[in-house]
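Whatever this is, show me its structure:
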Amino acid sequence: MSDTEKTREFIRKRYGEIAEGADGCGCAPGCCCGRAPVDTAKAAEALGYTKDDLDGVAEHANLGLGCGNPVALAALREGETVVDLGSGGGFDCFLAAERVGETGRVIGVDMTPEMVSLARANAVKGGYANVEFRLGEIEHLPVADASADAVISNCVINLAADKQQVFFEAFRVLRPGGRLSVSDVVATAELPEDIKKDLAMTAGCVAGAIYVEDIRRMLEKAGFTGIRMAPKDNSREILSSWAFGDRVEDCVAAYLIEAVKPDAGCCGCGCGGC
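Okay, the predicted model is just below:
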């Protein structure tokens, strides 16, 4: 088995354990480090979710994962189709479902069978008829070409071995004029070698982070325009709460990333007015 496959299997196993325990670890790895599980509601509020968001979702959908609120960033509208990369327990999918309404559709994709099972169970409990969850890798999305109005993701792309391929796939499934809205961890300084080689740090959304300008180049290579990237105001607070003990907030940051798939005749500025 290659090193890439070993890493992928480690991540899949780790998040499978989270799904089966619904214990709120992963990208907020309190219990992974021998500490008590995180307060998922408090963690979500720090990421930008409201009390209404938290009250309206199915039990165990919010696992305390993520580094932002891509649903709010995406400015979803009634009737739109949304694809969530790395959908976990379904939290962001259910919030997106409320925004796109009965005429809209949300597709969650996750590579961990236990997460897909958990999300499907949560969808049944919550009565979300316009949401479905598919097992698959975000580098190879089980989604048709040009079928989505928005692609969202919350602290998952950093886990992918081939991030360029993820952006190619996001571009493929978006309709012309569709938008990408992502919360993710990016590198702001060179990561120490011991962190890069630490599988727990990889599964914890740190070791796989790449420089923000590398992300920009990947987005441009995939064909995206109107690229906007900015750190969250409370990035250091979010990352320091992950309790790695290595001051990871000095070399990585939580970023909000937006991009647009150009429409026919669009100038490429990303303003949406062409």
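
any idea which helix or strand carries Ser117?
Element membership for Ser117 (DSSP states H and E) is helix 113-126.

and if you look at Asp149?
In the assignment (DSSP H and E), Asp149 maps to strand 148-154.

and that strand, how far from the chain's centre?
In terms of Cα atoms, centre = their mean, to the nearest Å, the gap separating the centre of strand 148-154 from the centre of its chain is 9 Å.

Ok, stretch 150-160 next?
On Cα atoms, centre = their mean, the centre of stretch 150-160 falls 3 Å from that of its chain.

need the helices for the stretch 51-200 of the chain, in chain order.
Along the stretch 51-200 of the chain, counting by DSSP state H, counting those that start in this stretch, helices occupy 51-55, 70-74, 91-100, 113-126, 163-173, 193-196, 199-203.

Of these, which is nearest Arg247?
When those are compared by Cβ to Cβ, helix 193-196 sits nearest Arg247, at 10.7 Å. The way it works is simple: take the backbone N, C-alpha and C, and place the C-beta from them, glycine included.

Show me the shaky parts of the stretch 101-250 of the chain.
243-246 (pLDDT under 70).

switch to 80 and redo it
Segments of the stretch 101-250 of the chain classed as low confidence (criterion: pLDDT under 80) are 240-250.

Is Leu54 in contact with Lys42, as I believe?
No: applying Cβ atoms under 8 Å, one finds Leu54 not in contact with Lys42, separated by 9.9 Å.

Which one of the two is surrounded by more residues?
Neighbours around Leu54 and Lys42, counted as other Cβ atoms under 10 Å, are more numerous at Leu54. The numbers are 17 against 11.

give the contact list for that one.
If a contact means Cβ atoms under 8 Å, 6 or more residues apart in numbering, then Leu54 has Ala41, Ala44, Glu45, Asn62 as its contacts.

rerun that using 6 Å as the cut-off
Neighbouring residues of Leu54 by Cβ atoms under 6 Å, 6 or more residues apart in numbering: Ala41, Ala44.

and if you look at Gly88?
Contacts of Gly88 by Cβ under 6 Å, 6+ apart are Leu63, Leu65, Met115.

how about 8 Å then?
For Gly88, the residues meeting the contact criterion (Cβ under 8 Å, 6+ apart) are Tyr15, Ala19, Gly26, Leu63, Leu65, Asp110, Met115, Ala119, Asn154.
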